[in-house]
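Novice: sequence first, predicted model second:
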Amino acid sequence: MPNARDLRSANRPDRERSPQIDEDVTGKELDRATQHQIKTLEGTSAEWVARHLVMAGRLLDEEPELAFQHALAASRRGGRLASVREAVGLTAYGAGHYGEALREFRTYRRISGSNMHLPVMADCERGLGRPDRALDMARSDEAKDLDAPGKVELAIVAAGARTDLGQLEAAVSELEIPQLDINRAFSYSPRLFRAYADALTAAGRAAEAAKWQRQAIVAENALGLGAEEEPDIIDLGWDEEEEAREEDRQRRLRAQENADAHAGAEERAPRAAGAAAAAEAAGTTAAAFGLKAIDDSADDAEADYFESDDAESDQDSVEADVLDDADGEADDEADGEPNAEADQELVEDSEPAQRERVED
């Protein structure tokens, strides 16, 4: 039974079946850092998650809703990985599911410790009709730690929030940051210059706006970016020594987990005898039929997904219709007896989950 308070689309009983994966997708198209995270999963699940992530990235720009469904499929098997939760957040944002995106980015931040998606989180608040909260994020301590491109994106979001509130001159002021340098061009400069020009236009300062629009074109030419071109993206990867150290660390962690699991199995042996016999019988049947390939419907069964522990995200950021349904389910459960077995399962799961988050 899924956590009643975990309202992610991946865990909802009315979710759709996982979308089809293109035949040419292997999962090895992912960058090395993501592949290293996925190596912590069991073999079949690892390949499944990797291929769905590739599909999510492939479809994000052209079919964001389908990309979102692929990311959700990946989260049902790899929900404890930061890269998976990041993918769900980005695709949800691209598809306009701002409550879901905000929830996933908060989970990503808890797992990874990174605030790199703070600008997108602020824009999700705008999408949910809460520009004041977006401005609070822009003024937060976390915002001060962003790199230059991140500060630019957050300033653009803050300017949009000011515009939402009808504060047009304040929107112009939000964009007057150190990175707004008319004499220097960085990767973020064309976007910043155009946002500043739009804010000036909205404030009735057309002459100044025209100058910054022209400067955006100058910056693009200086950077070698045409209207139909995209900048080269180079994956430098890790050097061989660093990769060897990472693989050694993964082996030690898996060995420790196996030792802990063996110790726990000895303690639970009397209770697990019947379950072990059933598992052995099932394994014999599977071997007899040679079942080792990925089952197209395998991830449509209940999986060991990452249960939400963020009350703010679950209750505050979810869209209204989903929240109403969840409140009804919570009221029904409140009338019954507490599920002691489920509570015990969550307690037992907490320590491995913490180790995986530290690893990531």
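Specialist: Received the coordinates, thanks.
Novice: now the strands for the stretch 1-150 of the chain?
Specialist: Read by DSSP state E, counting those that start in this stretch, the stretch 1-150 of the chain holds no strands at all.
Novice: could you list the low-pLDDT ranges of it?
Specialist: 1-16 (pLDDT under 70).
Novice: at which residues are the helices of it located?
Specialist: Ranges of helices in the stretch 1-150 of the chain, per DSSP state H, counting those that start in this stretch, are 32-38, 43-59, 64-78, 82-94, 98-112, 118-127, 131-138, 141-144, 148-164.
Novice: now tabulate those helices in JSON lines and tack on mean neighbour count.
Specialist: C-betas here are computed from N, CA, C, even on glycine. JSON lines is the format used below for the helices of the stretch 1-150 of the chain (neighbours: other CB atoms under 10 Å):
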{"stretch": "helix 32-38", "mean neighbour count": "18"}
{"stretch": "helix 43-59", "mean neighbour count": "22"}
{"stretch": "helix 64-78", "mean neighbour count": "25"}
{"stretch": "helix 82-94", "mean neighbour count": "26"}
{"stretch": "helix 98-112", "mean neighbour count": "24"}
{"stretch": "helix 118-127", "mean neighbour count": "23"}
{"stretch": "helix 131-138", "mean neighbour count": "19"}
{"stretch": "helix 141-144", "mean neighbour count": "12"}
{"stretch": "helix 148-164", "mean neighbour count": "22"}
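Novice: what residues does stretch 53-64 touch?
Specialist: 19, 21-22, 25-27, 29-30, 34, 38, 66-68, 70-71, 74, 83-84, 87, 90-91, 94-96 (CB atoms under 8 Å, 6 or more residues apart in numbering).
Novice: ends of it, what's the gap?
Specialist: 13 Å (CA to CA, to the nearest Å).
Novice: tell me the pLDDT of Phe306.
Specialist: Note on Phe306: pLDDT of 44.
Novice: what of the one 5 residues further on?
Specialist: Predicted confidence (pLDDT) at Ala311: the value is 53.
Novice: could you save the helices of the stretch 1-150 of the chain as CSV and add columns showing distance to Gln179?
Specialist: Below are the helices of the stretch 1-150 of the chain laid out as CSV (distance: least, CB to CB, whole Å):
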stretch, distance to Gln179
helix 32-38, 27
helix 43-59, 28
helix 64-78, 28
helix 82-94, 23
helix 98-112, 23
helix 118-127, 13
helix 131-138, 14
helix 141-144, 13
helix 148-164, 5
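Novice: to Gln213, which of those helices lies closest?
Specialist: helix 148-164 (15.5 Å; CB to CB).
Novice: output the contacting helices and strands for that closest one.
Specialist: If you count contacts as 3 or more CB pairs under 8 Å, 6 or more residues apart in numbering; DSSP states H and E, helix 148-164 packs onto helix 118-127, helix 131-138, helix 168-174, helix 189-202.
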